[in-house]
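Trainee: Need coordinates for the below:
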Amino acid sequence: MPGGRLTQQERQQIALGLADGLAYAEIARGLERPTSTVTREVMRNGGPTAYRADLAHRATRHRAHRRRQPAPRGAQALPQAHGRDAEAVRAYEETFTTAMIRSGMPKMMARVMAALSLTDSGSLTASELVRRLDVSPASVSKAVAFLESQGMVRRERDERRRERYLVDDDIMYQSMMASARATAEMVRTARQGAGVLGPHTPAGVRLENIARFLDFVSESTARAAEQAREILHTGPGTDREADHTPTDPE
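Mentor: This next block holds a predicted model:
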């Protein structure tokens, strides 16, 4: 029934919808449920690639039993500054996390990135992440180590000597440049394969064409990221229209 708890049959419909590649909004319409309900259900139970209706149903019954005890802070919608709607922010954080998972980021790393990105300070301590995400310190440590290796998060000590994890304003620039470098590596690999297979054979020609395509993509990505980098440092109240005005070559 819309508005009540999801039934096992509804969870099976969600699983089928995910298997068919349907968006959360489309699955929700079929169930006559809010999109946020489907989003939360999937993210609480393994994400879009690991969701299973039977496991989700058992996990929900287990959580319902636990709610008879005092709920941990991480399970609550956190108080918000600037008059934001706490539940809306929480639902959006799950949507943001899902988008990163679909882009290829592992689930725990995506959750940490979302938590950091959606704070005004862009930084949280390990203990704050543990409480916010309701996970173990080891899970946070592993996720941060991965993100740090990708240049997406950095560490620093605050005035109380606590280690804080931060996302910079340059995070998307660094991500795009890392993608460009990875693509450039694929260019070199494809060209190596063309040489091994023979540049005039069908397989060799195919690999050379892949290399040419990826070379263009890599250079275009790096060039566009360099040109747009200053947009990431635009402050509140800045005339955004001016940010997109092409520079006069003269």
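
Trainee: The protein - how does it break down into domains?
Mentor: Domains of the chain are assigned by automatic domain parsing as 8-61, 86-166, 171-233.

Trainee: possible to save those as CSV with mean neighbour count?
Mentor: Using the backbone N, CA and C atoms, a C-beta is placed for each residue, glycine as well. CSV is the format used below for the domains of the chain (neighbours: other C-beta atoms under 10 Å):
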stretch, mean neighbour count
domain 8-61, 17
domain 86-166, 16
domain 171-233, 15
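
Trainee: out of these, which comes closest to Gln80?
Mentor: Across these, Gln80 has its closest neighbour in domain 86-166 (4.9 Å, C-beta to C-beta).

Trainee: coming back round to it: just put the domains of the chain in TSV and tack on mean pLDDT and distance to Gln80.
Mentor: Shown next, in TSV, are the domains of the chain (pLDDT from 0 to 100; distance: least, C-beta to C-beta, whole Å):
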stretch	mean pLDDT	distance to Gln80
domain 8-61	87	16
domain 86-166	87	5
domain 171-233	92	22
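
Trainee: pretty sure Arg160 belongs to a strand, no?
Mentor: No - if the criterion is DSSP: H, G, I helix; E, B strand; the rest coil, then Arg160 is coil and not within a strand.

Trainee: name the element the most centrally placed residue in the chain belongs to?
Mentor: Per C-alpha atoms, centre = their mean, the C-alpha nearest to the average position across the chain is that of Met100, at 2.3 Å. Element membership for Met100, per DSSP states H and E: helix 86-102.

Trainee: one step back: quick one: contacts for the residue nearest to the centre of the chain?
Mentor: Counting by C-beta atoms under 8 Å, 6 or more residues apart in numbering, Met100 touches Ala110, Met113, Ala114.

Trainee: So what's the gap between the helix or strand just after the helix holding Met100 and the chain middle?
Mentor: Downstream of helix 86-102, the first helix or strand assigned by DSSP H and E is helix 107-117. How far helix 107-117 lies from its chain's middle: 6 Å, per C-alpha atoms, centre = their mean, to the nearest Å.

Trainee: again, but for stretch 30-44
Mentor: Between the centre of stretch 30-44 and the centre of its chain there are 18 Å (C-alpha atoms, centre = their mean).

Trainee: could I get that stretch in CSV with only the CA atoms?
Mentor: These are the backbone C-alpha positions of stretch 30-44, laid out as CSV (Å, rounded to 0.1, in the frame of the first residue of the first chain):
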residue,chain,number,x,y,z
GLY,A,30,5.0,1.4,-11.3
LEU,A,31,4.7,0.9,-7.5
GLU,A,32,2.9,4.2,-7.0
ARG,A,33,5.6,5.2,-4.6
PRO,A,34,7.8,8.3,-4.2
THR,A,35,11.1,8.0,-6.0
SER,A,36,12.9,8.7,-2.7
THR,A,37,11.3,5.6,-1.2
VAL,A,38,12.8,3.4,-4.0
THR,A,39,16.1,5.2,-3.8
ARG,A,40,16.5,4.7,-0.1
GLU,A,41,15.4,1.0,-0.3
VAL,A,42,18.0,0.2,-2.9
MET,A,43,20.8,2.2,-1.3
ARG,A,44,20.1,0.6,2.1
